[in-house]
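Peer 1: need coordinates for the below:
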Amino acid sequence: GPVRVQACSAMSTVANCLTVLRDFVKSGKLNEVKIEDDVIRMGEYTFPRTEQTAYKSRKGRGKLYTLVALVFFLQNCKDMKGYGTYLMKARKQGIMIVPGMDQMKLRDYLTGKDETSEYVDEMALLRGSLRQPAQKKAPVDEKKTEPVGEKPPGMQIIEMETVLEDRNTMLCHPTMNFSEVVRRYKRIKSEVHKMEEKRMREMKKKDSKKGGSRKHPRDSSSSSHHHPKPKQPKLLGVSKILKEYRDNNGERMKLATKDKYKFTPDKHSPIIIVPSAASSLITIYNVKQFLEGKQYFPSREIQRQTPKKPRYVHVKHKSERNPAKEIRYVVIDDPRRLSYMDWQQVVAVFVTGADWQLSYFPFKSPKPAEVFSRICGFHLNMKGVTPKKNIGVWNVKKLEIGAQRYGDKETVYAFWQTLIPFQKARFPHLYI
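Peer 2: Model prediction:
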């Protein structure tokens, strides 16, 4: 009795639950540490299960480990081979898990391999208090115990699951750097902010012009003070802002708002763009006879028969996937009439080799490499005639026709053999 009290008083100034546990592990007495209902008994010492130790989790960035977490880890996870079983048992009993990033350093400290640890909170170590010697457990009244019902199958499966990584462990991974994500976020946020400011300035200019036309000369001095401020619009997403910017501010989109230029294609119809130049071999006048009728006629001959220029024509092609159905293509020669959503249906374009032909395409920088990576490009040329320099550089399919009409079918066949695989890969929703 007196010897035990003297030992307790000598140790009470420096000992706490972490110190006692470390002494037991170093002396090889881990099997004497018992986890009971609400307490943990280490020889003559008794501590609550939820007693916080001075060892910080997640390499010093997390909260303090509880005593039951450390004891359960040491007793059930001897090495990494038993880590999966340890995880399942800890989750089933609701005990705090020791992640893989802490295991080596924690084990070295508790076994005495490392005398000190940078993850031990010295203040928490000093605040720890030694508990009273263990007391005998009170007998359990078996009559008062209630039978535990069988858990549903879904709960049993969830308890057997093992969480290998979560969002916190991913962010703490030593070999991963997320600076690129932060940099991209800041860049996008800056671009959105600039677009929003430009939009606000344009709205203010429009409001000031409208207000100036209604302003009375006698009220010119006071009207500026009482002019209502324009309503500040809500900040939209990046894609919506880009869409509004292209539709409302792009010069190439202004003609789409006029009645005579209105064009509303079927949302399931692919769109083909042909040149509007009269010198082009393929135009809106002869494209239907060439691609559907498989015979070439000069556009001037057909133009004499139909002097009124059509706004668009339909070209039908039998589906390879379902021969009973036909794909209806819409052919136009003025890309300025297309809205932002219509450009999502443009599958092919015939080019003459002129640089200005791509200036109406709604890309941030309408370079040929970007245009022909999204849209299948074609160039129709007469045999024996040298095409323009750009045709040899651009990524377009070169089609040739001769003076005789017997080779027209072969040229049309080459067109569809190039377009259909491209359309299946890039526009599967437009291919039936």
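Peer 1: please tell me how far the strand or helix carrying Asn390 is from the chain's geometric centre.
Peer 2: Here Asn390 sits within helix 389-393, counting by DSSP states H and E. Distance of helix 389-393 from its chain centroid, counting by Cα atoms, centre = their mean, to the nearest Å, is 37 Å.
Peer 1: buried set for that helix?
Peer 2: Buried residues in helix 389-393, counted by 16 or more other Cβ atoms under 10 Å: Asn390, Ile391. Where C-beta positions appear, they are placed from N, C-alpha and C, glycine not excepted.
Peer 1: quick check: mean pLDDT of the helix or strand following it?
Peer 2: Counting by DSSP H and E, the element after helix 389-393 in chain order, helix or strand, is strand 396-401. Mean per-residue pLDDT for strand 396-401: 92.
Peer 1: strand 396-401 pairs with which strands?
Peer 2: strand 376-382 (parallel) (DSSP bridges).
Peer 1: average pLDDT for the partner strand?
Peer 2: 93.
Peer 1: give the contact list for the nearest residue to Val393 once chain neighbours are set aside.
Peer 2: Counting by Cβ to Cβ, 6 or more residues apart in numbering, Val393 lies nearest to Pro368, which is 7.4 Å off, once chain neighbours are set aside. Taking Cβ atoms under 8 Å, 6 or more residues apart in numbering, we find Pro368 in contact with Leu358, Asn390, Val393, Trp394, Asn395.
Peer 1: repeat for Tyr285
Peer 2: Residues in contact with Tyr285 (Cβ under 8 Å, 6+ apart) are Ser299, Ile302, Gln303, Thr306, Lys309, Pro310.
Peer 1: gap between the residue nearest the centre of the chain and Leu125?
Peer 2: For the chain, the residue nearest the mean C-alpha position is Val181 (11.1 Å; Cα atoms, centre = their mean). According to Cβ to Cβ, to the nearest Å, Val181 stands 38 Å off from Leu125.
Peer 1: let me know the secondary structure of Phe363.
Peer 2: Recorded secondary structure, Phe363: coil (DSSP: H, G, I helix; E, B strand; the rest coil).
Peer 1: surely Tyr360 is in contact with Arg336?
Peer 2: Yes - with contact defined as Cβ atoms under 8 Å, Tyr360 counts as touching Arg336 (5.5 Å).
Peer 1: ok, back up a step: which one of the contacts of Tyr285 has the most neighbours?
Peer 2: The residue in these with the most neighbours, by other Cβ atoms under 10 Å, is Ser299 (21 neighbours).
Peer 1: Lys288 versus that one, what's the distance?
Peer 2: As defined by Cβ to Cβ, Ser299 lies at a distance of 11 Å from Lys288.
Peer 1: look up phi and psi at the residue nearest to Val393.
Peer 2: In terms of degrees, to the nearest 10, the main-chain angles of Pro368 are phi -60, psi -40.
Peer 1: quick check: Asn322 is in a helix.
Peer 2: No - in this structure, Asn322 is coil, not part of a helix, as judged by three-state DSSP.
Peer 1: and it, what's its pLDDT?
Peer 2: With respect to pLDDT, Asn322 scores 81.
Peer 1: tell me how far Val98 lies from Ile40.
Peer 2: Counting by Cβ to Cβ - Val98 and Ile40 are separated by 16 Å.
Peer 1: kindly report the same for Val182.
Peer 2: Computed as Cβ to Cβ, the Val182 to Ile40 distance reads 43 Å.
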